[in-house]
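Trainee: Pasting the sequence and the predicted coordinates here, then a few questions.
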Amino acid sequence: MKKPIASYLALAISAALFGPVAQANDQQNASNKVEVIEVTGIRGSLKQALNNKRFSDAVVDSISAEDIGKFPDKNIGDALQRIPGITVSRDFSEVDGVTIRGTAPQHSLVLLNGQNVASVGWFDLAPFNRSFNFEMLSAEQVAGMDVYKSVESNVNEGAIGGTINLKTRRPLDLDANTVFASTEGAYSKSDGDWSANGSGLYSWKNDNDNFGILAAYSVENINVYRETLRSFGAPGPLNNPDSAGNIPTAPGAMASILFDEERKRESTQVTLQYQASDRLNLVLDYNDFSLKNEHLNTAMFAVPQLFSEYDASTAVVNDKGVTTRVTTVPFGGEQPLVPLFNNSIVRAPHMQMDVLNLTAEYEQDDWTLSAVIGQSTAKSRGLQSSTWWGNLENSEKTGFTFDISGPHELDLTHPDYAMDHDQMMIHNEFSFVNNIRDNEINYAQLDFQHNLDYGIFTSLQVGVKIQDQEFSARIDRYDDGLIQKAMADGLRLSDYNGGHVSGLHGKEGRAGTLSAFALMNNDIWDYAHANKSATRATEAFSIEEDITSAYVKANFSGEGFRGNLGVRFVDTDVASTGEIDGQPATGKKSYSNILPSLNIVADLSQDVLLRFAAGSSVARPDYDQMKMSASLVPTMETATIGNPDIEPYKSDQYDLGLEWYFDPSSLLGVTLFQKNISDYIYTTAARESLDGCSQSCLVTRFRNVGTADVSGVEFQYQQDFGNGFGAQFNYTYTDSSVVNPAGEKQRLDRVSRNSFNIAAYYEDDTFSARLAYNARDEWLSFESSALATNKPYHQLDASFVWHVTDYLDVSVEGVNILNEARITTLPEFDVYHSIDEYGARYFVGASVKF
């Protein structure tokens, strides 16, 4: 299905003879009306972002870095959370997912300079979805970003939440011989370690200002130290009923966990720009992003349902019949096993993402022709070794007390057991695997804009784009015979003594909670690597998509109003290849979508705008949902299988907003929004005829069987008070519901009903300071296959910059300085599920620019 990149190149070169990216044409038209922004610093960035919003025909919020290295937050995700209608998730300290107006991260689209970007994740337990990996990007190289919340026909399809367009710098926009360099020390309060970061940029252009080269590089070393208390699995029965015959239920396991990661993120940008004539402009962009995050994940597990009985006098049972607190004691007799295990996982994932993009644009007096050709690739290689250590012989028996009614408690009767490496021998599930993921996108685009003088219509835009994308994944397993070899060798944890961890859970844990246990060193990696068997690929699949799209967009303007009307046609061909019952299998699907859009802005007065937007959009299914692989149980006449035949999510959405720009740097606004989502995808079971199973097999697969509605209101306030002081505030209320296959309504996961941001700043010629507070109330998420409630989360960040000279800045910043933890509960059982503590991070740096 894939088209050779040479064919795209031929298209682009031929188009470049006349000229070419027109995705920015509408923005260029708007720029004719945009005020010139001369203020710099925090106020300059906010004013520029407000100006972009005011003069856009669509519903757009922007973030601007008014100067190189002056992005308003430490990373892109933290900056996005300041925008109304956006909330973020932090599974590993930094933002890794963005939710826009109640939709899942994979249902929004991230573009780089207007084009799609390939992305992959690294976490082996995460699903194969379309969510963009924000952990890959450095904020140092981003000049700004626009978040499109309404639909425009010339913007790439693929989002029902919103589209985020990241923008990088171009050399002809900067002074010749611009130099920027920064160095920074980063301190993690959780583990007390420092790391070093740095970045640099050089931009040159010739004396004619028509040819330039820009090169930039940044490196960030990040220590991620997460302390977790967690329960695993739905509550089940404990061993041995009490004297009354009652069998209490309790979680499958409790654990005290340490996640210790050394993350290295590198970004490189090289841009060549040639203004061949007053009419022809050529830009070649290359961006490379890489992320290495080697880490050790160690957990001490207590398993209430295994090898123990309980002291009935200590049991506390809640209204859901779940034992929330109990003390377990070892079995009687000579049973040597105890329900305590050490699990150590060493991971060494490495991800890389490359984007190569050639843009050409040719302008005549009343028309513009544009062309873009590009390729984006992403790959992840995730080697990992997992080992389970348990008490197998001649060990001291021990019991424990757990409590999941509030902040977790895991209290060992003999806590020294967890500290003794000699107490634990290799137990089971010794594995060595390599998680491999690849994603490649090739695209070519041709756009034409013709300026009009026809009634209210000012210009007509048309365009066509072809894109092919392939996502593939597999797991190379090396674990055949590895556990048998390890057990025969009699491995003990003492053979790989990595010392101890202590002082965990100081903020959220209770007195007595297990906060110290034995660690493994990374030498186990060498043992696993040396004794692994030949590789065997499992869970291998690939999905190819050929996408052809075309659009028409008419821009209009009249006395007191402006806007655009358009339609986008999209045709998608899907081929999913995998394996079913040991045999290669391929599933195919073709579908088309017609996506109309309308954006209108009315000037109620010189400074008051009324906006209305309506449009249709789609978000394609996740790769997990389309993969052609199956798990068959012929004797039970059951099967679980992917489904490449599903349709994309579809959304009809509406916006109505009122904005008052009461001075050039200030705004008071409110926006109502509504999304009606159809073809919602759920997992359901139905009888089907399936090879390898039966003529009436109960097949569980993804199907389009649900609907969802999201509505809400965004309130936004921003003001420059003068004398260097200013403030921002926004609040979003989101109401969401989804109808599941049983006809029941429930809230969408990841959606908080209430979220808000408050930021205050001061700035003069010598100093600038900002304090930013972000908060969201509870939201739902799926944790260990159970629906969990996340407790409200609040985060306070601060920054201070001293402008020592015109060329030198010194800065101090703090992220999560209140050391907020992420806490989840299982409402079905009325118990706590997890507590994750990352701790505060601080940065001290200096930068020069001339």
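Mentor: Thanks, I have it.

Trainee: Please name the bridge partners of I222.
Mentor: Residues in a beta bridge with I222, per DSSP bridges, are R263.

Trainee: quick one, what contacts it?
Mentor: S93, E94, A186, S195, E261, E262, R263, K264, R265 (Cβ atoms under 8 Å, 6 or more residues apart in numbering). Placement of C-beta: from N, CA and C, glycine included.

Trainee: For the chain, which segments are assigned as helices?
Mentor: 5-16, 25-31, 41-55, 76-80, 416-419, 482-488, 523-531, 623-626 (DSSP state H).

Trainee: Apart from its chain neighbours, what residue comes closest to the most centrally placed residue in the chain?
Mentor: When Cα atoms, centre = their mean is applied to the chain, the residue found nearest the centroid is G97 (2.4 Å). With sequence-adjacent residues excluded and distances taken as Cβ to Cβ, 6 or more residues apart in numbering, G97 is closest to P105, at 3.7 Å.

Trainee: do R687 as well
Mentor: Spatial nearest neighbour of R687, chain neighbours left out: S696 (5.2 Å); criterion: Cβ to Cβ, 6+ apart.

Trainee: and the one you found, what does it touch?
Mentor: The contact partners of S696, by Cβ under 8 Å, 6+ apart, come to E637, R687, S689.

Trainee: how near is it to N208?
Mentor: 76 Å (Cβ to Cβ, to the nearest Å).

Trainee: same deal with E220?
Mentor: 37 Å.

Trainee: Find me the pLDDT at the residue nearest to R687, would you?
Mentor: Note on S696: pLDDT of 78.

Trainee: next one: S784
Mentor: Note for S784: predicted pLDDT of 63.

Trainee: got it, and L17?
Mentor: Reported pLDDT for L17: 36.

Trainee: can you check the one 4 residues further on too?
Mentor: pLDDT, V21: 35.

Trainee: Likewise for V501?
Mentor: Model confidence at V501 (pLDDT) stands at 86.

Trainee: ok, it - contacts?
Mentor: L258, T298, A516, F517, L519.

Trainee: By neighbours, which of those wins?
Mentor: In terms of neighbours by other Cβ atoms under 10 Å, these top out with F517 at 23 neighbours.

Trainee: okay but D366 is in contact with N451, surely?
Mentor: Yes - counting by Cβ atoms under 8 Å, D366 touches N451, with 4.4 Å between them.

Trainee: So between the two, which is more surrounded?
Mentor: N451 (15 against 11).

Trainee: what about that one, distance to L460?
Mentor: With Cβ to Cβ as the criterion, N451 and L460 are 8 Å apart.

Trainee: returning to that earlier point: with neighbour numbers in mind, choose between E220 and N208.
Mentor: E220 (22 against 7).

Trainee: Would you agree the more buried one is in contact with N197?
Mentor: Yes - the criterion here is Cβ under 8 Å, and E220 meets it with N197 at 4.6 Å.

Trainee: Which residues are in contact with each of those two?
Mentor: In contact with both E220 and N197: A186, using Cβ under 8 Å, 6+ apart.

Trainee: how about the contacts of V501 in CSV, adding pLDDT and distance to L672?
Mentor: Formatted as CSV, the contacts of V501 follow (pLDDT from 0 to 100; distance: Cβ to Cβ, whole Å):
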residue, pLDDT, distance to L672
L258, 91, 46
T298, 91, 49
A516, 87, 53
F517, 86, 52
L519, 89, 53
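
Trainee: Out of those, which is nearest to Q484?
Mentor: Closest to Q484 out of the contacts of V501 is T298 (23.8 Å), distances taken as Cβ to Cβ.

Trainee: Could you give the separation between the terminal residues of stretch 778-797?
Mentor: Stretch 778-797 has an end-to-end distance of 20 Å (criterion: Cα to Cα, to the nearest Å).

Trainee: Run through who's touching it.
Mentor: 73-74, 78, 87, 89, 232-234, 747-752, 771-777, 813-818, 820, 822-828, 833-834.

Trainee: So which of the residues you listed belong to strands?
Mentor: Using DSSP state E, 87, 89, 232, 771-776, 813-815, 822-826, 833-834 are the members of the contacts of stretch 778-797 that sit in strands.

Trainee: Contacts only, for the closest residue to N522 other than its chain neighbours.
Mentor: Distances taken as Cβ to Cβ, 6+ apart put V346 closest to N522, at 5.8 Å, once the chain neighbours are dropped. Contact analysis of V346 by Cβ under 8 Å, 6+ apart lists E294, H295, L296, N297, Q384, S385, M520, N522, I524, W525.

Trainee: Let me know the closest of those residues to M353.
Mentor: For these, the minimum distance to M353 (Cβ to Cβ) is 18.4 Å, reached by E294.

Trainee: For that closest one, name its beta-bridge partners.
Mentor: E262.

Trainee: hang on, it packs against I345?
Mentor: No - in this structure, E294 is not within contact of I345 by Cβ under 8 Å, at 11.7 Å.

Trainee: which residues does L282 contact?
Mentor: By Cβ under 8 Å, 6+ apart, the contact list for L282 reads A16, Q273, Y274, Q275, A276, L358, T359, A360.

Trainee: any idea how far L272 is from it?
Mentor: Separation of L282 from L272 (Cβ to Cβ) stands at 8 Å.

Trainee: Buried ones from the contacts of stretch 778-797, can you make that a PyMOL selection?
Mentor: Buried residues within these, by 16 or more other Cβ atoms under 10 Å, are selected in PyMOL with:
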select buried, resi 73+74+78+87+89+232+747+748+749+750+751+752+771+772+773+774+775+776+813+814+815+816+817+820+822+823+824+825+826+833+834
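
Trainee: now, which of the contacts of L282 lie within strands?
Mentor: Q273, Y274, Q275, L358, T359, A360.

Trainee: would you list those residues in JSON lines and tack on pLDDT, neighbour count and distance to L609?
Mentor: Below are the ones in strands among the contacts of L282 laid out as JSON lines (pLDDT from 0 to 100; neighbours: other Cβ atoms under 10 Å; distance: Cβ to Cβ, whole Å):
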{"residue": "Q273", "pLDDT": "98", "neighbour count": "21", "distance to L609": "34"}
{"residue": "Y274", "pLDDT": "98", "neighbour count": "18", "distance to L609": "38"}
{"residue": "Q275", "pLDDT": "96", "neighbour count": "17", "distance to L609": "35"}
{"residue": "L358", "pLDDT": "98", "neighbour count": "23", "distance to L609": "37"}
{"residue": "T359", "pLDDT": "98", "neighbour count": "27", "distance to L609": "31"}
{"residue": "A360", "pLDDT": "98", "neighbour count": "25", "distance to L609": "35"}
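
Trainee: Please tabulate those residues in a markdown table, including the columns distance to T586.
Mentor: Shown next, in a markdown table, are the ones in strands among the contacts of L282 (distance: Cβ to Cβ, whole Å):
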| residue | distance to T586 |
| --- | --- |
| Q273 | 44 |
| Y274 | 45 |
| Q275 | 48 |
| L358 | 33 |
| T359 | 36 |
| A360 | 38 |
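
Trainee: which of these lies closest to N428?
Mentor: Nearest to N428 among the ones in strands among the contacts of L282: L358, at 53.5 Å, using Cβ to Cβ.

Trainee: ok, back up a step: so the residue nearest to the centre of the chain bridges to which residues?
Mentor: Beta-bridge partners, per DSSP bridges, of G97: S89.

Trainee: so where's the stretch 51-200 of the chain uncertain?
Mentor: Within the stretch 51-200 of the chain, the segments meeting pLDDT under 70 span 66-68.

Trainee: The same query, at a cut-off of 90, please.
Mentor: Residues of the stretch 51-200 of the chain that meet the criterion pLDDT under 90 lie in 64-79, 88-97, 121-129, 131-144, 189-193.

Trainee: before we move on, back to that, can you tell me which of the contacts of L282 is closest to R562?
Mentor: T359 (26.6 Å).
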